[in-house]
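*Asks:* Below is the structure, and that's it, no one-letter string:
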């Protein structure tokens, strides 16, 4: 009789050895930490979408910014731009100014420029079209 019970006892022990780990594996899905992790993953996905939207907006805005080379005219004596003040009819003033480089001239500095098509609202102070160009004219004397 003992010999008849021994195979059944070994069978039951083997069955328990197989079923218990399987049951533990399925019960871990009921772990309360899993729901918390799912919430955190969902929140991170939403945050990632918002971050990607912000990055795309920055890329769009950065495409509106360019660079213009400039030179400073009138750095030495008897050089610069002549202008007349509205309140002074007798004198003409010599002044330094920032200008676009002439063809072949090396820029001294770089200046940021904004594409007017990207600007919303009033465009009263924006230049439409192209970058600056250097133009020279002969001074005809005070009039």
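*Replies:* Right, received. Where do you want to start? Note that the coordinates shown come from a computational prediction; the quantities given were computed from them, not determined experimentally.
*Asks:* how far away is residue 80 from residue 94?
*Replies:* Here the criterion is C-beta to C-beta, to the nearest Å. By it, residue 80 lies 5 Å from residue 94. C-beta here means a position set from N, CA and C on the backbone, and glycine is covered the same way.
*Asks:* so what sits against both of the two?
*Replies:* Common contacts of residue 80 and residue 94, defined by C-beta atoms under 8 Å, 6 or more residues apart in numbering, comprise residue 74.
*Asks:* So between these two, which is more surrounded?
*Replies:* residue 80 (16 against 12; other C-beta atoms under 10 Å).
*Asks:* can you give me the offset of the helix ranked longest in the chain from its chain's centre?
*Replies:* Secondary structure of the chain per DSSP state H: the longest helix is helix 32-62. Its chain's C-alpha centre and that of helix 32-62 lie 17 Å apart, by C-alpha atoms, centre = their mean, to the nearest Å.
*Asks:* Next secondary structure element downstream of it?
*Replies:* strand 65-73 (DSSP states H and E).
*Asks:* mean confidence score for that next one?
*Replies:* Averaging pLDDT along strand 65-73 yields 88.
*Asks:* Residues contacting it, please?
*Replies:* Outside strand 65-73, the residues within contact range by C-beta under 8 Å, 6+ apart are 79-81, 96-101, 105-115, 131-132.
*Asks:* Repeat the analysis, applying 7 Å as the threshold.
*Replies:* With contacts defined as C-beta atoms under 7 Å, 6 or more residues apart in numbering, strand 65-73 is touched by 79-81, 96-101, 105, 107-115, 131-132.
*Asks:* quick one on the thing from earlier: for the longest helix of the chain, enumerate the helices and strands it packs against.
*Replies:* Using 3 or more C-beta pairs under 7 Å, 6 or more residues apart in numbering; DSSP states H and E, no helix or strand is in contact with helix 32-62.
*Asks:* Begin at 48, not 1, for the rest of this chat.
*Replies:* Okay, using 48 as the starting number, the last item reads as helix 79-109.
*Asks:* pLDDT of that helix, averaged?
*Replies:* Per-residue pLDDT values over helix 79-109 give a mean of 84.
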